[in-house]
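A.B. asks: Just a sequence and a predicted model for now, questions to come.
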Amino acid sequence: MTVTTRVKLSTMMFLQFFIWGAWFVTMGTYLGKTLGASGVQNATAYSTQSWGAIIAPFIIGLIADRFFSAQKVLGVLHLTGAALLYYITTVPNFEGFFPIILAYMICYMPTLALVNSVSFKQMANPSKEFPPIRILGTAGWIVAGLTIGWLGWERSNSLVLTFKMAGTASLILGLLSFTLPSTPPAKKGQKTSMGDILGLDAIGLLKNRSYLTFFVASVAICIPLAFYYNFTNPFLNEVGMKAAAGVQALGQVSEFAFMALMPLFFVRLGVKKMLAFGMFAWVLRYIFFAYGDTGANYWMLIAGIVLHGICYDFFFVTGQIYTDNLAGEKFKSAAQGFITLATYGVGMLIGSYISGPIVDHWKISDTSHNWMSIWLVPAGIAGVVLVLFLVFFKDTNQIQEQKGLDIEEPSTGRLEV
């Protein structure tokens, strides 16, 4: 890969996640303070991520994979997204806001796969070349949060500017996309079935009892995950945390740190313990939020945010590796698409529709909620999922330390490194 290509791909990845982090974290606060949205409306707005994740495979499978180059589809989607983000700043109420953010997420979610496709096409050894480029995406999300905190947009009730900032970055990335290396459609001229698009060819994995347990746990754990994405920023602002969006960026810093330590933990703990620790971290995080405050228990709020690294990496990344192992060569892509559709699509969608009414139920006034009662609900859900997982998941094979991350014996479910 040439230096020019590496710089373009790194910039692409930075902007891709800068755009998302620029508005997504603080949208709940914007909806509540600026548009007067209820908890149900807030959660409904966040459910657009799940609808985007459900619809995204159709855009990729039916359009990008068969008819047009990935970088061109990426460019069109981000330019369309830029227009939608600018337009949404002119909408005065939630009724006008929702259809626009839904249209935007239908445009944005497919780009997550497209940036990976463009990157992998230019790499001779993706396992070594992709991580240094992908990490720029995490950096983009962190910079977006720090920028919002530094500019004080939450305190000054100026969060409408987050959509303008994201729109500007989307415009830049849309134009940049047309200069990226050519990534022609991978399945041009081939017939694509509905099973291919949705990853349903991997449904046979559910015959494995341990994998079925993991699959159900993955969907269920995304219900409390929705509470975190939808209401953490409004919660932190309501309890008086300064520059909350910037502080929340510590979650991505933690994610980066634990990602680097993943191979060490794999060797020491194995799959079942990794998954269990990830779910336990969800329980602990929400307990910290329930009892934390900006006084003596401020450390609990920080700890709850920093636990994001364990919550995400230990469960979702471990789960992706576990899925890859069981699927074998033939169904690797289908299996990853299937689990992503089930978690970020179905699981998060259920979580969004459950979290809103719960938050509204514990509303005390227009500016306050009983957050202790609210956060104990996802803590309880995560706790039940953890207990059921420990009882029914029997795959206790350990990962043994060798060189690399070569996963073998897909039929037995053993993981060896």
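C.D. replies: That came through fine. Numbers count the residues shown, from 1 in each chain.
A.B. asks: Can you pull out the residues in contact with stretch 76-88?
C.D. replies: 19, 23, 97, 100-101, 103-104, 107-108, 110-111, 114, 163-164, 166-168, 170-171, 173-175, 177 (C-beta atoms under 8 Å, 6 or more residues apart in numbering). The way it works is simple: take the backbone N, C-alpha and C, and place the C-beta from them, glycine included.
A.B. asks: Determine how far it lies from the middle of the whole chain.
C.D. replies: With C-alpha atoms, centre = their mean, to the nearest Å as the basis, stretch 76-88 stands 20 Å off its chain's centre.
A.B. asks: just to revisit the earlier point, kindly give a single ChimeraX line that selects the buried subset of the contacts of stretch 76-88.
C.D. replies: In ChimeraX, a selection of the buried entries from the contacts of stretch 76-88 looks like this (16 or more other C-beta atoms under 10 Å):
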select :19,23,97,100,101,103,104,107,108,110,111,114,163,166,167,170,171,173,174,177
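A.B. asks: The contacts of stretch 76-88 in helices, which ones?
C.D. replies: 19, 23, 97, 100-101, 103-104, 107-108, 110-111, 114, 163-164, 166-168, 170-171, 173-175, 177 (DSSP state H).
A.B. asks: which residues in the stretch 101-250 of the chain form helices?
C.D. replies: For the stretch 101-250 of the chain, helices defined by DSSP state H, counting those that start in this stretch occupy the ranges 126-151, 160-177, 194-198, 209-238, 244-248, 250-291.
A.B. asks: pLDDT (mean, whole number) over the fourth one?
C.D. replies: Going back to what we said before, that points to helix 209-238. Mean pLDDT, helix 209-238: 90.
A.B. asks: With the first one instead?
C.D. replies: Regarding helix 126-151, the rounded mean pLDDT is 87.
A.B. asks: That helix to helix 160-177, inter-axis angle?
C.D. replies: 150 degrees (axes from the mean of the first three to the mean of the last three C-alpha atoms, to 10 degrees).
A.B. asks: Tell me the buried residues in helix 126-151?
C.D. replies: Buried-residue list, helix 126-151, by 16+ other C-beta under 10 Å: 129-130, 133-149, 151.
A.B. asks: Doesn't Leu301 lie inside a strand?
C.D. replies: No: secondary structure of Leu301 (DSSP: H, G, I helix; E, B strand; the rest coil): helix, not part of a strand.
A.B. asks: Give me the pLDDT value at the residue nearest the centre of the chain.
C.D. replies: Among the residues of the chain, Tyr344 comes closest to the average C-alpha position under C-alpha atoms, centre = their mean, at 7.3 Å. The model reports Tyr344 with a pLDDT of 83.
A.B. asks: Check Ser38 too.
C.D. replies: At Ser38, pLDDT is 92.
A.B. asks: was I right about Asn349 contacting Thr48?
C.D. replies: Let me fix one detail, which is that residue 349 is Leu and not Asn. No: taking C-beta atoms under 8 Å as the definition, Leu349 is not a contact partner of Thr48, at 9.7 Å.
A.B. asks: Show me where the stretch 301-417 of the chain has its strands.
C.D. replies: Remark: strands assigned in the stretch 301-417 of the chain by DSSP state E, counting those that start in this stretch are 363-365, 368-369.
A.B. asks: Next, the buried residues of the first one.
C.D. replies: Taking 16+ other C-beta under 10 Å as the basis for neighbour counts, none of the residues of strand 363-365 comes out buried.
A.B. asks: partners of that strand, with directions?
C.D. replies: strand 368-369 (antiparallel) (DSSP bridges).
A.B. asks: Pull the residues that contact the partner strand.
C.D. replies: By C-beta under 8 Å, 6+ apart, strand 368-369 touches 235, 238, 359, 362-363.
A.B. asks: From those, list the buried ones, please.
C.D. replies: In the contacts of strand 368-369, the ones that pass as buried (16+ other C-beta under 10 Å) are 235, 238, 359, 362.
A.B. asks: ok, so of these, who is nearest Met259?
C.D. replies: Phe235 (25.9 Å; C-beta to C-beta).
A.B. asks: Near the closest residue to the closest one other than its chain neighbours, how many other residues are there?
C.D. replies: Excluding its sequence neighbours, the residue lying closest to Phe235 (C-beta to C-beta, 6 or more residues apart in numbering) is Trp371, at 5.6 Å. Other residues near Trp371 come to 22 when the count uses other C-beta atoms under 10 Å.
A.B. asks: Turn the strands of the stretch 301-417 of the chain into JSON lines, columns for mean pLDDT.
C.D. replies: Rendered in JSON lines, the data for these read as follows (pLDDT from 0 to 100):
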{"stretch": "strand 363-365", "mean pLDDT": "89"}
{"stretch": "strand 368-369", "mean pLDDT": "90"}
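A.B. asks: For Thr44, find the nearest of the ones you listed.
C.D. replies: Of all those, strand 363-365 comes closest under C-beta to C-beta, at 16.0 Å.
A.B. asks: got the contact list for the closest one?
C.D. replies: 39, 369-370.
A.B. asks: Apply 6 Å and report the result again.
C.D. replies: Outside of strand 363-365, the residues within contact range by C-beta atoms under 6 Å, 6 or more residues apart in numbering are 369-370.
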